[in-house]
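Chemist: task: produce atomic coordinates for the following.
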Amino acid sequence: VSSADITITNDAVSPSISISTFSGVDGVAYFPGAPTSTAYQIITTKDGYSTDQTYTASVSNPNPNPGTLTVVGDTITSSTFRIDRLSDLTIRSFDEIRSATWTDTFADLSLVEIANQIDISSGDARLLPGETYYFSPGTITATSVAPTYLAGWNELVFDTTTPLNTSVEVKLYYDTGTGFDLVPDATLPGNAAGFTVSPVALSALATSTYGRLQARATLSSSDGLLSPTLAEWHLTYDEGPLPRPNTSFSILGAKTIGTDGGGAPIYKYQDTFTTDAAGVYDLPGIEWDVYRITKGAAETGIMLAEACPFQPFGVNPGVTQTIDFIVAPASTHSLLVYVTDDSNVPLAGATIEATKTGYDVTQESSTCGQTLFRNLSSGTYTLTVSKSGYTPQTITGVDVSGASTYSVLLNP
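Modeler: Here you go, the predicted structure:
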């Protein structure tokens with residue numbers, strides 16, 4: 001790096017030395033005539049770049065590395081320092097995916113968009129009564145449902161009463177961007193005719209196409225004295241990950257500057273922050289390194305369920321990067337499985353089965369190629385991992401104790 005500001009100081013000589021210069025085009029700076037002495041301190045900086053330096057021994061860092069330099073007579077003392085462009089991180093905190101339900105019990109009309117020849121009272125929707133008979137057919141359309149963080153649809157559930165010669169048929173429509181169309185039978189078999197039996201499975205509906213759904217029901221009676229009723233209906237779905245506000249987290253770099261008295265590493269970068277009300281923390285000016293995020297000490301009862309990219313993650317010089325982490329209720333023993341292809345690209349939608357005597361659970365990897373098995377007992381597990389188009393893997397003897405992780409590579 002050329003034009004870096006290099007400062008050399010030494011308070012052990014008399015008079016004390018403090019000299020600054022800039023590195024040349026070859027990234028080298030010379031300090032000729034330096035007196036023979038120990039304890040030469042070097043600091044290398046440049047605007048927009050990280051800093052590298054020597055460290056003096058102290059109570060907090062008794063074994064610094066790199067330590068101060070020593071100049072010996074008639075020799076050239078040299079040392080190399082590495083700096084590069086600073087990077088910016090955006091760190092986002094999320095809660096895990098969870099189940100949610102849209103429900104209308106017909107206590108009022110707040111969740112009804114259109115009611116044609118329908119009477120809604122006493123918590124029921126029924127045909128509109130005339131002086132001597134019920135009008136038939138009648139239709140009712142619910143307000144549309146479009147979860148902001150939709151992860152997947154689960155079921156359409158409805159509760160009906162159909163006396164003899166009456167019926168209730170429920171259909172689902174989706175927002176095309178220019179209006180609502182019937183969800184085709186190719187995606188939801190039986191929808192064109194209408195559903196009369198609850199529940200209706202909706203897991204085949206891709207969220208990319210079917211992000212907003214609307215239920216419509218037709219109530220009919222061939223007996224003017226009788227009316228079917230629709231007591232309530234529900235759309236169940238999974239939502240998330242959901243932004244988690246005001247979440248404390250710690251970030252630790254892999255670079256070290258020495259060891260403590262017990263030989264444990266002292267890290268160059270370690271700090272704790274809290275995401276804002278939107279679950280976001282912007283961390284500018286961080287140097288290239290390999291980092292790991294953990295929950296902050298202030299956070300209790302939770303654990304990191306997933307980090308995207310997978311941890312530890314590298315930060316290259318001069319980049320802008322987003323790091324997402326998802327928290328979940330704490331578990332004494334857990335296993336985070338990471339699935340990649342042969343190019344180290346995370347594989348979403350891989351099926352991961354974890355088995356042990358008395359335990360057999362199957363989950364799918366997320367968009368970041370990860371899934372967390374929680375509430376495990378310690379011991380060894382077998383993992384069976386598969387995905388269409390890839391050679392399946394079975395791994396035995398996977399040890400689980402505390403928060404454990406395991407990476408699986410699938411070859412095409």
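Chemist: so who does the closest residue to Gly123 other than its chain neighbours touch?
Modeler: Leaving out its chain neighbours, the residue that sits closest to Gly123 by Cβ to Cβ, 6 or more residues apart in numbering is Phe106, at 5.4 Å. C-beta here means a position set from N, CA and C on the backbone, and glycine is covered the same way. Contacts for Phe106 (Cβ atoms under 8 Å, 6 or more residues apart in numbering) come out as Val112, Ile120, Gly123, Asp124, Ala125, Leu230, Ala231, Glu232.
Chemist: spell out which helix or strand contains Phe106, please.
Modeler: Following DSSP states H and E, one finds Phe106 outside all helices and strands.
Chemist: what sits against Ser87?
Modeler: With the criterion set at Cβ under 8 Å, 6+ apart, Ser87 makes contact with Gly285, Ile286, Glu287, Trp288, Val315, Asn316, Pro317, Gly318, Val319, Thr320, Gln321.
Chemist: report how many residues lie close to the nearest residue in space to it that is not next to it in sequence.
Modeler: Here the nearest residue to Ser87 in space, its sequence neighbours aside, is Val319; by Cβ to Cβ, 6+ apart that works out to 4.8 Å. Using other Cβ atoms under 10 Å, Val319 has 13 neighbouring residues.
Chemist: do the same with Thr139
Modeler: For Thr139, the neighbour count with other Cβ under 10 Å is 16.
Chemist: please apply the same query to Tyr291.
Modeler: 20.
Chemist: what bridges to it?
Modeler: Gly253, Phe313 (DSSP bridges).
Chemist: is it true that it touches Gly253?
Modeler: Yes - judged on Cβ atoms under 8 Å, Tyr291 makes contact with Gly253 at a distance of 5.4 Å.
Chemist: identify the contacts common to these two.
Modeler: By Cβ under 8 Å, 6+ apart, Tyr291 and Gly253 have these common neighbours: Tyr269.
Chemist: how about stretch 24-31: buried residues?
Modeler: Neighbour counts using 16 or more other Cβ atoms under 10 Å place Ala29 of stretch 24-31 among the buried residues.
Chemist: give the other helices and strands that the lowest-mean-pLDDT helix or strand in the chain contacts.
Modeler: None of the helices or strands of the chain scores lower by mean pLDDT, DSSP states H and E than strand 17-22, at a mean of 88. Packing partners of strand 17-22 (3 or more Cβ pairs under 8 Å, 6 or more residues apart in numbering; DSSP states H and E): strand 5-10.
Chemist: and the strand it packs on, average pLDDT?
Modeler: Throughout strand 5-10, pLDDT has a mean value of 92.
Chemist: given that strand, what are its sheet partners and their directions?
Modeler: Taking DSSP bridges as the criterion, strand 5-10 forms sheet pairs with strand 17-22 (antiparallel), strand 37-45 (antiparallel).
Chemist: would you tell me which one of those strands is buried the most?
Modeler: Scoring the strands paired with strand 5-10 by mean neighbour count under mean count of other Cβ atoms under 10 Å gives strand 37-45 as the most buried, with a mean of 18.
Chemist: with only the CA atoms kept, save that strand in CSV.
Modeler: The C-alpha trace of strand 37-45 is given here as CSV (Å, rounded to 0.1, in the frame of the first residue of the first chain):
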residue,chain,number,x,y,z
SER,A,37,17.2,0.2,21.4
THR,A,38,14.2,-2.0,22.2
ALA,A,39,10.5,-1.0,22.4
TYR,A,40,10.1,0.6,18.9
GLN,A,41,6.4,1.0,18.3
ILE,A,42,5.0,1.1,14.7
ILE,A,43,1.5,2.2,13.7
THR,A,44,0.4,2.0,10.0
THR,A,45,-2.7,3.9,8.9
